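> Fold the following and give me the result.
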Amino acid sequence: METVRCNLCRSERHTALYEMPDRLFPGDECFTVVECSECGLGFVNPRPTITEIQKYYPAEYFQGSPTRDHDRYLRRRFAAEAKYLEELEKSGGRKRLLDVGCATGEFPEFMAARGWDVEGVEVSAASQQIKDFRVYTEEFQDIPVNEPTYDAVTAWAVLEHVHNPMAYFQKAARVLKAGGLFVFLVPNFQSAASRHLFCEDVPRHLYFFKRETVGRYLESTGFALVKEVNGRDVYKMAPNNWLTYMVRTRLRGREYTFRDVPLTSKEFRRKHHLQSGIAAAVKYAAYSPTSVIDRMLWPIIESAQILRRTYGISTYEARKT
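Okay, the predicted model is just below:
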């Protein structure tokens, strides 16, 4: 584990916000999320080093669900992502895209079918499956491209995972042509899901961004913000357990810690060795009735958050100046 300064302003002053374990692959460790006292950037501190972080990405993390519904979901998601690049497409000429964190390459392949020349960056073993286009297997800042080469760089749910977000912004500015687009999606640290409800994927998520901190990253690396879309068009971060949080903090006036978070239905079934089904659902409802009501009201709460720009996910489109 290592203790770090703020990646954005280099301050050593920060405030601890909450502690939580790894919920995806449970163990005995607990991680602290802090907020920089100077600029407001959120980050895990102390955190696993670059070498240590590998153990939090076991093979199961990369295993998808190749079902018909999953394929339909991917097509919908890629179409939503491609909309951020439509303006470039309409400007004419064949465009070049670099997708950072391209996983097994589906999004670049989707864009190649639309007429783009594509390349990717992927450090996981998933990149070994890609044969249709070039993939760099180094960290983004280390790839052997240092000239304005691409019309667009995309990073879908990547920047929160990396040890040095500033290096990624700097590299994107270096490899983009003048007027090129940097499009990236990150969790919204101004949301209840990210800031209060323990919905972040700690410790794989190392950094947590507000629109103000994103603005500072962009300004310091030569980008102008085109737009922010706060919502669920690409990925979702539902406000899980918002009702439990509100009851405890607003009605009872108590602090809400990870110990107060109910088990998810999946965690409940795993703990009690239950198979999914009606019987398990009834037992879970008896265990945590507020969780059932909570989920029923998600669509209303999510819509209200999107109107207030406090949903758990934001996508940013920035232009190289």
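> Going by C-alpha atoms from here, please, whenever you check contacts or count neighbours.
Will do.
> how about the spatially most central residue of the chain, what does it touch?
Ranked by distance to the mean C-alpha position of the chain (Cα atoms, centre = their mean), the top residue is A157 at 3.6 Å. Neighbouring residues of A157 by Cα atoms under 8 Å, 6 or more residues apart in numbering: 184-187.
> Need the contact partners of the helix or strand hosting E109.
Per DSSP states H and E, E109 falls inside helix 106-112. Residues outside helix 106-112 that contact it (Cα under 8 Å, 6+ apart) are 78, 82, 97-99, 102, 118-120, 132.
> ok, now with 10 Å
74-75, 77-79, 81-82, 85, 95-100, 102, 113-120, 130, 132-133, 154, 156 (Cα atoms under 10 Å, 6 or more residues apart in numbering).
> Any of these buried? List them.
Listed as buried from the contacts of helix 106-112 are 74, 77-79, 81-82, 85, 95-100, 102, 116-120, 130, 154, 156; burial here means 16 or more other Cα atoms under 10 Å.
> before we move on, back to that, turn the contacts of A157 into TSV, columns for distance to A318 and pLDDT.
What follows is these, written out as TSV (distance: Cα to Cα, whole Å; pLDDT from 0 to 100):
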residue	distance to A318	pLDDT
F184	9	98
L185	11	98
V186	14	98
P187	17	96
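> Tell me which of the residues you listed fall in helices.
Using DSSP state H, no member of these falls in helices.
> So which of these wins on neighbours?
Neighbour counts for the contacts of A157, by other Cα atoms under 10 Å, peak at P187, which reaches 29 neighbours.
> Would you enumerate the residues in contact with it?
157-160, 193-195, 199-200, 205, 207-210, 230, 235-237, 311-315.
> Can you give me the separation between it and A157?
Here P187 is placed at a distance of 8 Å from A157 (Cα to Cα, to the nearest Å).
> Centre of the chain to the top strand by length along the chain, how far?
When the chain is scanned for its longest strand (criterion: DSSP state E), the result is strand 176-187. Using Cα atoms, centre = their mean, to the nearest Å, the mean C-alpha position of strand 176-187 is found 16 Å from that of the whole chain.
> The residue in the chain sticking out farthest from the centre is in what secondary structure piece?
Going by Cα atoms, centre = their mean, the residue of the chain most distant from its centre is A279, 33.8 Å out. Using DSSP H and E, A279 maps to helix 278-287.
> which other helices and strands contact that helix?
Applying 3 or more Cα pairs under 10 Å, 6 or more residues apart in numbering; DSSP states H and E, one finds that helix 278-287 makes contact with helix 265-272, helix 289-296.
> most neighbours per residue, which of these?
Most buried of the helices and strands packed on helix 278-287, by mean neighbour count (mean count of other Cα atoms under 10 Å): helix 289-296, with a mean of 16.
> Report the angle between whatever helix or strand comes next after that helix and helix 289-296.
Following helix 289-296 in sequence order, the next helix or strand is helix 298-308 (DSSP H and E). Put simply, helix 298-308 runs at 60 degrees to helix 289-296, going by axes from the mean of the first three to the mean of the last three Cα atoms, to 10 degrees.
> out of everything not next to it in sequence, what's closest to I50?
In this structure, I50 finds its nearest non-sequential neighbour in H163, 7.1 Å apart by Cα to Cα, 6 or more residues apart in numbering.
> That neighbour and Y207 touch, don't they?
Yes. At 8.2 Å, H163 counts as touching Y207 under the criterion of Cα atoms under 10 Å.
> Which neighbours do those two have in common?
7, 43.
> residue contacts, the spatially closest residue to M237 that is not a sequence neighbour?
Excluding its sequence neighbours, the residue lying closest to M237 (Cα to Cα, 6+ apart) is G312, at 5.1 Å. By Cα under 10 Å, 6+ apart, the contact list for G312 reads 186-195, 199-200, 230-232, 235-239, 302, 305-306.
> Can you flag which of these belong to helices?
Short answer: the contacts of G312 in helices (DSSP H) are 192-195, 302, 305-306.
> quick one, what contacts the nearest residue in space to R195 that is not next to it in sequence?
Spatial nearest neighbour of R195, excluding adjacent residues (Cα to Cα, 6+ apart): F189 at 5.7 Å. Taking Cα under 10 Å, 6+ apart, we find F189 in contact with 35, 40-42, 195-196, 200, 207-211, 213, 310-314.
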